[in-house]
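Colleague: predicted model and sequence follow; I will ask about them next.
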Amino acid sequence: MLPILQIELFKIFKRPRTYISFVAIGAIVVLIQLAFYAEGNNYMAFGLQSLTQSFDIQGKVLNGYLVCYIILQTLLIHVPLLIALVAGDQIAGEANMGTLRLLLTKPVSRTSLLMAKFSASTIYTLMLLVWMAFLALLVSVLIFGTGDLMILKSEEVVVLNKADVLWRYFAAFGFAAIAMTTVAALSFLLSIFAENSIGPIVSTMSIIILFTILSTMDIPFFNALKPYLFTTHMIGWKGFFDAPVSWSPVLGSASILVFHIFLFLATSVIAFKRKDILS
Amino acid sequence: MEPVITVKHLVKNFNGLLAVDDLSFQVHPSDVYGFLGQNGAGKSTCIRMLLSLVTPSSGEIELFGLNLKTHRKEILQQVGAVVERPDLYKYLTAFENLSLFARMSGLSPKKQLLMEQLELVGLADRAGSKVRTFSQGMKQRLGIAVALVHNPRLVILDEPTNGLDPQGIADMRNLVLRLSREMGKTVLVSSHLLGEIEQVATRMLIIDKGKKMMEGTVSDLFHSTNCRVHIKVQDPEKTRQVISASKWSDALESGTDGALVIRMDQFEVPELSRLIINAGIGLLSVRPANSLEDYFLSLTAGKQHVANFTN
Amino acid sequence: MKNLSIPLFCLCCLSFFCLSPAQAQDANALLAKVKAKLQQVDNYMAEGEMATDVTFINIADSKVKVYFRQPDQFKIVKEDGISILPKGGMSVGLNSLLSGKEFIAVPGGYVQEGNNRLAVLKLLPVAENNGVVLSTLYVNEKDALVYRTITTTKDNGTYETSLQYGKYASWGLPDKVFFVFNISSYKLPKGVTMEYEGSKKASAAKPAGDGKGRVSITYSRYTINKGLPADLFK
């Protein structure tokens, strides 16, 4: 499978659209950093209003760790689009170009081809996250320095010791990798059924946006649904910023996501093996 | 010799639409096998089944004596194909495309070998150009290079002349002949135009609505009893009377420009000529109009019943 | 000043507490004694460990540095980190509460706390613009050490401070300060915070608070009257 994986990676990284994602993430991250660099104190005053009414907060609240957290919170909603852009193109894009039929007349089993393509999408996803980690964490720390991380949650304010933060980011990026691979797997599955890549990209985003709205709204009927929506678990990386980390829900969420990856992938393989290539 | 392709009772049903209906045929080594049928006759579906792109509803396919279902990988290693349009990765260069598909076929090709392949199809000077800049003919040639790069025993070309200019069509014809005569490959070539096939094919199969209409060697088909003879004479009216009085009275069809068309066995032509000359009519020309074109058209138009010619 | 205050004290005592002038005199003297003890310290820098117990604030105990300079400059700093203190957290330091401010002391009797018999002093600020409305001190008359204060402020509610003394008792500086204050509730919409369901379960497991927050500082070392840079309190 390794040579096919190399070929798939070669194809992904030869396409201009692949780099759109890296540029987009770079632009968003730098913009957020710039905004905080210029207006950070005003943002902080606004954001901390609920707390400063009765408390004096001293120390450098606005630091690299906080900026990274804000970037992650903002960006991890948009990154699925960038992942769908490549993962949703894997099969549908080839069908649209007409190369799928040529590819499948080569002495390679459909399952290995699918696995190679999925692995390539996953590698792309991971590279995107590493790029994001580099910009959001390393560059933010270089600009704003390190410090204690203060996180405002709906019912709690958590302040994490400076020395206790970095490992949480590594864990969070690890979790985000699982969450984003789930998005890649979903997009990949939808890609099997389409003849051009717009369909799977739009469908992936629609599913994620719809589920995220359901996950976020605090309405009793939707609350009952929440545990069954994979988007609920996608923000599990935030669990690493609890003190102490409540491992069982975080690991539970991670295993639900891994289960989804296998489910989407298995369905992809079954559907693809039975598919008549008519494109 | 063991047949290269054996197809038995092949059926493909797309949700109630019968695309291929009980099709059986064999392709032998070094054949140039013409696969004829109008657009939508089921040629492409059949070729896709031979390449395992489409799963048959029933029936069996064997290539090189191996079952396609169970030996897909071994079989595809020895098959090169261009299915419909020769679509390639537009954002990659010709060389990159060729190298990529060679590796997909399990080769680790040297640059020189790939360049030789490009040379063969006349694209060596454009090796570094992106495919998006290529004309239809160049894409077709690159598609052929991709199909041949792993030196397959069987080459399947689905409508290879579609979208080509006359020169491209001629080049393609020469290439098919070279593949067969010089390189000893078995070639299956499909077309909806008989004219293309009859010039290169050694055997052919005509299908319509997924069904086999006829199959045989091209010489068989030319020497069939069911060919038509165009005669030009000095006195068409008298000739018509003479023929009407002969055993060919029922076979006489109306011709144009004073020509007469008679449906008859080709071997009866000398007898007919004698009859006309003996009647004192000046015979200008006798042309056997059994170029399969007429036959093909009449078959696919459903005017004639199924005839099966076999060796 | 003492003489001037006597009639006023009498009035206060009669009208509010119906206590004898003799005790009033003692209260005033005791306040002066307390103040005098605190006056020994012009400035200090202390190292200690701060623990915060507020239901909705999850912050680890941390090492802090506490700075004070006469008359009322006071600052708690977590080196290179974030500290969250109740507004008016000044009152954590007794020095800053009393130093440089004029109070009228009213005696409030005695209470027994453990082995200590503590005199109760009610302090009324003289200045109109003082943030403090009323402050109650529980003072040991023998060593003039304040063991407990209850302060009601105009803007930030009522605070209660308990102090424990040790090595630095002679300077009037506590080894441990325990600070109790009222807290308002805290809540942000989930749509804004993008809450993770898993951590909601974790925080729900916490017992509900009694509406009060607690901060304690355990001092390990004081550096007294060694001077502090002026820009520290900016």
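Modeller: Received, thanks.

Colleague: all helices of the stretch 1-150 of chain B, in order?
Modeller: B:43-50, B:72-76, B:94-104, B:111-120, B:136-148 (DSSP state H, counting those that start in this stretch).

Colleague: in the first one, which residues are buried?
Modeller: Spelled out, that is helix B:43-50. Buried residues in helix B:43-50, defined by neighbour count with 16 or more other CB atoms under 10 Å in any protein chain shown: B:43-50. The C-beta positions use only the backbone N, C-alpha and C, and glycine is treated the same way.

Colleague: can you get me a residue count around residue 67?
Modeller: No chain in the question, so chain A it is. 24 (other CB atoms under 10 Å in any protein chain shown).

Colleague: other chain: chain C
Modeller: By the measure other CB under 10 Å, the count of residues near C:Tyr67 is 19.

Colleague: I'd assumed A:Thr232 was in contact with A:Ser215.
Modeller: Yes: with contact defined as CB atoms under 8 Å, A:Ser215 counts as touching A:Thr232 (4.5 Å).

Colleague: the more surrounded of these two?
Modeller: A:Ser215 (25 against 21).

Colleague: next, the more buried one: phi, psi?
Modeller: Backbone geometry at A:Ser215, expressed as degrees, to the nearest 10, gives phi -70, psi -30.

Colleague: got a list of what it touches?
Modeller: A:Ser215 sits next to A:222, A:226, A:229, A:231-232, A:235, C:197 when contact means CB atoms under 8 Å, 6 or more residues apart in numbering or on different chains.

Colleague: need the buried ones from those residues selected in ChimeraX.
Modeller: With 16+ other CB under 10 Å as the burial test, the buried ones among the contacts of A:Ser215 are selected in ChimeraX as follows:
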select /A:226,229,231,232,235 /C:197
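
Colleague: of the contacts of A:Ser215, which is the nearest to A:Ala133?
Modeller: The shortest approach to A:Ala133 among those belongs to A:Ile235, at 16.8 Å (CB to CB).

Colleague: how close does the closest one get to B:Gly59?
Modeller: A:Ile235 sits 52 Å away from B:Gly59, going by CB to CB, to the nearest Å.

Colleague: equivalent analysis for B:Gln136, please.
Modeller: 34 Å.

Colleague: so which residue of the stretch 151-300 of chain B comes closest to chain A?
Modeller: B:Ile156 (8.4 Å; CB to the nearest CB).

Colleague: doesn't that residue belong to a helix?
Modeller: No: counting by DSSP: H, G, I helix; E, B strand; the rest coil, B:Ile156 falls outside a helix, being strand.

Colleague: among the contacts of A:Ser215, which lie within helices?
Modeller: Using DSSP state H, the subset of those located in helices is A:222, A:231-232, C:197.

Colleague: related to what we said a few turns ago, so what sits against both of A:Ser215 and A:Thr232?
Modeller: What both A:Ser215 and A:Thr232 touch, as defined by CB under 8 Å, 6+ apart, is the set A:226, C:197.

Colleague: so B:Leu252 touches B:Ala245, yeah?
Modeller: No: counting by CB under 8 Å, B:Leu252 does not reach B:Ala245; the two are 10.8 Å apart.

Colleague: so who does B:Phe35 touch?
Modeller: Contacts of B:Phe35 were listed using CB under 8 Å, 6+ apart, and they are B:43, B:46-47, B:188-191, B:197, B:204-205, B:207.

Colleague: any idea how far the residue of the stretch 1-150 of chain B found nearest chain A lies from A:Ser197?
Modeller: When distances are taken as CB to the nearest CB, the stretch 1-150 of chain B reaches nearest to chain A at B:Asp87, 2.8 Å away. B:Asp87 is 15 Å from A:Ser197, where distance means CB to CB.

Colleague: who has more neighbours out of these two?
Modeller: A:Ser197 (26 against 20).

Colleague: and that one, what does it touch?
Modeller: Counted by CB under 8 Å, 6+ apart, A:Ser197 has contacts A:88-89, A:92-93, A:96, A:191.
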